[in-house]
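Colleague: With the input below, show me the fold.
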Amino acid sequence: MSADQPVYRFCPQCAAELAWLTQAEDGGPKARLRCPRCDFTHWNNPTPVLAAVIECLDREGQVLLARNAAWPGRFFGLITGFMEAGETPEEGIRREIAEETSLQVEALQLLGVWDFQRKNQLIIAYHARARGEIALSPELAEYKLIPPEQVRCWPQGTGQALATWLRSRGIEPQWLDPA
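Modeller: Numbers count the residues shown, from 1 in each chain. Got it, this is the predicted structure:
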């Protein structure tokens, strides 16, 4: 488990302290946080996260990158968000784009799926072609519009989705210098 991941300490069913216990599972013995009293298991499965490389159709195809208000520093990344119960990934990323930027998506194309183990997440990334006036939600502090050939990718998480999209356009990704 990563230090970034929340860890259950007590059983949500009976409040007993959880312990690392090994039990036989389909794939063989596996140690997981389990309740010794009621047999609750904390599965700690990855959380699906949606991401979008947004191509702004009414802004000469520039890519929209945004800075989350909660992030330290001045890192600009893709629009991301969590799926909600009862929605498909496509519905979820359309909702996130509308909520966070006010842009309306005209077309979506799946770029791929990447694991982001540091946060125990599974990233489902799309290329979104969108238009409209950009109005950021309070979740985002600011945005940049960048021509695709000038975008710099980052090695973790959604940076791989951005690199995949650039390659699909015949642009060899340029990478941010590690800091």
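Colleague: Is there a neighbour count for the closest residue to residue 47 other than its chain neighbours? I'd like the number.
Modeller: Leaving aside its sequence neighbours, residue 47 sits nearest to residue 121 (CB to CB, 6 or more residues apart in numbering; 5.2 Å). C-beta coordinates here come from the backbone N, C-alpha and C atoms, glycine included. When neighbours are counted by other CB atoms under 10 Å, residue 121 registers 20.
Colleague: so who does the spatially closest residue to residue 99 that is not a sequence neighbour touch?
Modeller: Nearest non-adjacent residue to residue 99, counting by CB to CB, 6+ apart: residue 137, 5.8 Å away. Neighbour list for residue 137: 99, 100, 101 [criterion: CB atoms under 8 Å, 6 or more residues apart in numbering].
Colleague: Correct me if wrong: the residue nearest to residue 47 contacts residue 46.
Modeller: Yes: contact criterion CB atoms under 8 Å: residue 121 and residue 46 qualify, at 5.6 Å.
Colleague: Find the residues that touch each one of the two.
Modeller: Here residue 121 and residue 46 have residue 115 as joint contacts, going by CB under 8 Å, 6+ apart.
Colleague: Can you show me the strands along the chain?
Modeller: Here the chain has its strands, by DSSP state E, at 19-25, 28-34, 41-42, 47-56, 62-68, 79-82, 104-116, 121-131, 140-146, 152-153, 174-175.
Colleague: List just the one of these that sits closest to residue 163.
Modeller: strand 152-153 (4.5 Å; CB to CB).
Colleague: Pull the residues that contact the closest one.
Modeller: Contacts for strand 152-153 (CB under 8 Å, 6+ apart): 159, 160, 162, 163, 166, 173, 174, 175, 176.
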